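Asker: here's my sequence, what's the structure:
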Amino acid sequence: MADVMSKPSQPFVSKWASRYRGATVEDLDPPPALSLTPSDPISLALLSAFERDYTHLTIVSSSNRALLGYISIPHLQSLLESGKCKPEDEIRSAMIRFQRKGARYTVITMNTPLEELEGFFEGKDNGGQKQDFAVITDSGRRFVLGVATREDLEEFVKRRPA
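Answerer: Residues are numbered from 1 along each chain as shown. Down below sits the predicted model:
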């Protein structure tokens, strides 16, 4: 019986660390979050996202503003095109819910260094599962402050001199 040895995982190395120079998520100047509730119509999500050029919207509880999940506009468009939902349906029928039980989430705040945000996008602490966006909260995870995307990070790097 042969021993199976797993390869040790390589530590994450930021490809843009030299450009960040101490910058944090706040330096991305993310726009304020736009949060909707599960009972809002899908048409409102589409209109709101297109007006602001957002690709992801957070979904919060109408009673206590707790973060419940999100809606990806490209995914929502594909659901509409395939007939799996209609514009008048409630967002709850198309939203992606965060798993509350047993899940450990990376907290991204305005003070999170950009190297950590890049690591989050690359799946550093998430079993290698890459992420397209991050919900920015206060340190206590009580308030949604904004959303940062990979594109936001790439734009920051393009504007920052080498």
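
Asker: output the lowest-mean-pLDDT helix or strand in the chain in CSV with nothing but the alpha carbons.
Answerer: The weakest-scoring helix or strand in the chain, judged by mean pLDDT, DSSP states H and E, is helix 17-20 (a mean of 82). Extracted in CSV, the C-alpha atoms of helix 17-20 (Å, rounded to 0.1, in the frame of the first residue of the first chain):
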residue,chain,number,x,y,z
ALA,A,17,1.9,44.1,-3.8
SER,A,18,4.5,46.6,-5.0
ARG,A,19,1.6,48.8,-6.3
TYR,A,20,-0.5,48.7,-3.1
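
Asker: which other helices and strands contact the helix or strand just after that helix?
Answerer: Remark: after helix 17-20, the chain's next helix or strand is strand 35-36, criterion DSSP states H and E. Secondary-structure packing of strand 35-36 (3 or more CB pairs under 8 Å, 6 or more residues apart in numbering; DSSP states H and E): helix 42-52, strand 56-60. The C-beta positions use only the backbone N, C-alpha and C, and glycine is treated the same way.

Asker: redo these as JSON lines? Include mean pLDDT.
Answerer: What follows is the helices and strands packed on strand 35-36, written out as JSON lines (pLDDT from 0 to 100):
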{"stretch": "helix 42-52", "mean pLDDT": "95"}
{"stretch": "strand 56-60", "mean pLDDT": "93"}
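
Asker: ranking the ones you listed by burial, who's on top?
Answerer: strand 56-60 (a mean of 23; mean count of other CB atoms under 10 Å).

Asker: CA atoms only for that strand, dumped as CSV, please.
Answerer: Extracted C-alpha coordinates of strand 56-60, given in CSV (Å, rounded to 0.1, in the frame of the first residue of the first chain):
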residue,chain,number,x,y,z
HIS,A,56,-23.8,42.8,-7.4
LEU,A,57,-26.4,44.0,-4.9
THR,A,58,-26.6,42.9,-1.3
ILE,A,59,-29.8,41.6,0.2
VAL,A,60,-30.7,42.5,3.8
